[in-house]
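> Mind folding the following:
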Amino acid sequence: MFEQRPTIAAVAMAACILLFAPVVHSARVQAATFKVVAADIAGDGFNDTTPRAPVGGNPKTTLGAQRLFVMQYAAGVWGNLLHSDVVIRLGIDFDPFGPNECVGNSALLGSAGPSTAFANFSGAPRSNTLYASALADSLAGRDLFPNGTDIEAEFNQDIDSACFNGAPNGWYYGVDNNPPQGTLNLFQVVLHELAHGLGFASFVGYDGSNCCGNSPMDDAFSVNLEWHQAGLTWQFLTEEERVMSMYAGDGLHWIGPNVRAAAAVLTAGRTDDHVQMFAPVVFQPGASVSHFSTTLTPNELLEPFLNTSSSRTLTMKALQDMGWVLENAVTPSPTATMTLPSTPTRTPTQTPTRTPTRTPSAVPTSTATASTTPSPTPTATPMLSPTPRRISSCECDCNADGGVSIAEVQGVANIYLGVKSMENCTGADANGDSMVSIQELQRASLEYLYGCP
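Residues are numbered from 1 along each chain as shown. I've put the predicted structure just below:
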C-alpha cells in the first residue's frame, strides 16, 4: 500500500452534449492552442469563490480561479511543446469522486483520455490505425470533429477535504513544482493526465482485442508495444498473447525509435534500449499497460503513481513515436480569454476503477477520409476483463495441488517460447508430441484466466 503514491488512472471517454453553458478559456502559446471548457456548476469546482492567497506562481485569489489557472498553465506547457495548427479542445471537471476513490492511504487523483479517435484520414502516418483526436487533427491539419472536445478530464475535488492520509492539506495550486509537505502537486497531475488525452493510452481491450466494433484497428500507442519474450509487437500478437503480455512484469516494452534513441537517460527500467512498461503480474485497471514502469530511474511523468519527478523526456519521445511533431521548449506564459462556443460538448461522467475487475470503458472511434468531411459516430465496445484467479482440475496444474498458479502458466509459456521439451507439466501437451504448440498455450492460458471449459 503506497502512502505517498496514489494511483493516477487513464480512462477513455465518449462525448455528449451539455445541458448548460460552460465557461471557455484559451491557453495560447507559440506552438498549439488549447481551448479549456470548464463545465462545473456555479459555486463548485472551477467556479468555487472561496478566497485564497496567491501561491507558487499562481496569481489568482479564489479557489476555483486557482484550479482553472493550473489547468491553463499545464495546457500551456503541452501546447508549447507540441505542434498543431488546430485548436485542441479540453473538457474538464473538478468533482468529488466519492468515498471509494479517496480513503485512508489510497486516492484516485484524476482521469483523462481522448474523446474520440480517427483512422484513414489524409495525413495519417499508418493506414487502419486509430489516432487520438488531438493528434489526428494535428496530422490532418484540420478539425475532424468540429463539434466535439478532443480530450476529457476530471480531477478529484475530495483531495481538498483531507480524504487522503498522504495529503491532509489537500491540493497544492502553485505551478512551481514546490508543494509543501502534506499537499499534492495538482500541476504535475494535470500534466500527466493531459498526456493521456494527447494519446498516451492503449485502445486495446483488457481481453486483448483491438478497438473498435465491427472493424477493429490497431492504434498509434499500441503498435509501439513489444512482448519481449516473444520478440513481437502487439499488432503481430494474438489477443490471448496480448493478454499474457499485460502480466509480463518487465517484459512489456516500448520500442518506438524516438524513445529507444533517448533510453540511455535511464539507469534502470530498460532492457538495452527498450523501455519497460507497467505490466505487473497482478493486473491494475487504469494503470497497467498505459504507463511506463515504476522501475524507471530516474522517474518519468507517465508512471502510474505520483512521484517527485516532473521529467517529460521519454513521454515526449513516446508522443513523437505516435506521430506528434515536437516544438522547442520554452517557459509558457498562458493567458486567459473568455469565449462561448455555439455547441458546447462534455462528458459528465467517468468510471475509473482500481478493482481487479475492470469497468468497461467506452472508446469512441471515427474514420475520416481525404475526400469527404468526416461525420464521426462514437461507438462503445464492452471489454471483457481477464481477472487472474485460481481454478480447480485444469490440465496445466503442474504440482497437482488443485489450482493453477501464475507461475505454472508462465512455465507453460516459457516452455513454448523457448522451444523446450515438456518436463513436469505434461497435461498441457494436448497432442502428446512432447511440445506445447501456440494453440495449446492459448488454451492453457484461457483456462487459467477464465476457468476450465
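> domain assignment for this structure?
In the domain annotation for the chain, the residue ranges read 1-211+323-351+360-386, 388-453 (automatic domain parsing).
> Which of those has the lowest mean pLDDT?
Mean pLDDT values for the domains of the chain show the minimum at domain 388-453, a mean of 53.
> Tell me who's in contact with residue 301.
Shown here is residue 301, whose contacts under the criterion C-beta atoms under 8 Å, 6 or more residues apart in numbering are 188, 191, 192, 195, 309, 310, 311, 312, 315. The way it works is simple: take the backbone N, C-alpha and C, and place the C-beta from them, glycine included.
> and residue 118, bridged to which residues?
Beta-bridge pairing of residue 118 under DSSP bridges involves residue 131, residue 366.
> Mind putting the contacts of residue 301 into TSV with distance to residue 281?
Putting those into TSV (distance: C-beta to C-beta, whole Å) gives the following:
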residue	distance to residue 281
188	28
191	29
192	24
195	26
309	25
310	29
311	27
312	28
315	25
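> Out of those residues, flag the one nearest to residue 135.
Among the contacts of residue 301, residue 195 lies closest to residue 135 (C-beta to C-beta), at 11.6 Å.
> Any figure for the gap between the closest one and residue 312?
8 Å (C-beta to C-beta, to the nearest Å).
> now swap in residue 256 and tell me
For residue 256, the distance to residue 312 under the criterion C-beta to C-beta works out to 15 Å.
> Neighbour count for the two, which is higher?
For the pair residue 256 and residue 312, the greater number of neighbours falls to residue 256 (24 against 20), based on other C-beta atoms under 10 Å.
> give the contact list for the nearest residue to residue 60 once chain neighbours are set aside.
The shortest distance from residue 60 to any residue other than its chain neighbours is 4.5 Å, reached at residue 66 (C-beta to C-beta, 6 or more residues apart in numbering). In this structure, residue 66 makes contact with 52, 55, 58, 60, 173, judged by C-beta under 8 Å, 6+ apart.
> now with 7 Å?
Contacts for residue 66 were tallied using C-beta atoms under 7 Å, 6 or more residues apart in numbering; they are 52, 58, 60, 173.
> ok, of the residues you listed, which one's closest to residue 97?
Proximity of these to residue 97 (C-beta to C-beta) peaks at residue 173, which lies at 18.2 Å.
> residues contacting that closest one?
When contacts are counted by C-beta under 7 Å, 6+ apart, residue 173 is found next to 55, 58, 66, 67, 70, 186.
> before we move on, back to that, just the buried subset of the contacts of residue 66, written out for ChimeraX, thanks.
Selection of buried members from the contacts of residue 66 for ChimeraX, criterion 16 or more other C-beta atoms under 10 Å:
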select :52,58,60,173
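> As JSON lines, the contacts of residue 66 with distance to residue 290 and secondary structure would be great.
Putting the contacts of residue 66 into JSON lines (distance: C-beta to C-beta, whole Å; DSSP: H, G, I helix; E, B strand; the rest coil) gives the following:
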{"residue": "52", "distance to residue 290": "33", "secondary structure": "coil"}
{"residue": "58", "distance to residue 290": "29", "secondary structure": "strand"}
{"residue": "60", "distance to residue 290": "32", "secondary structure": "coil"}
{"residue": "173", "distance to residue 290": "27", "secondary structure": "coil"}
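> can you redo the contacts of residue 66 as JSON lines with distance to residue 295?
Output for those, formatted as JSON lines (distance: C-beta to C-beta, whole Å):
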{"residue": "52", "distance to residue 295": "38"}
{"residue": "58", "distance to residue 295": "33"}
{"residue": "60", "distance to residue 295": "38"}
{"residue": "173", "distance to residue 295": "31"}
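> and of the contacts of residue 66, the nearest to residue 219?
Comparing the contacts of residue 66 against residue 219 with C-beta to C-beta picks out residue 173 as the nearest, at 34.2 Å.
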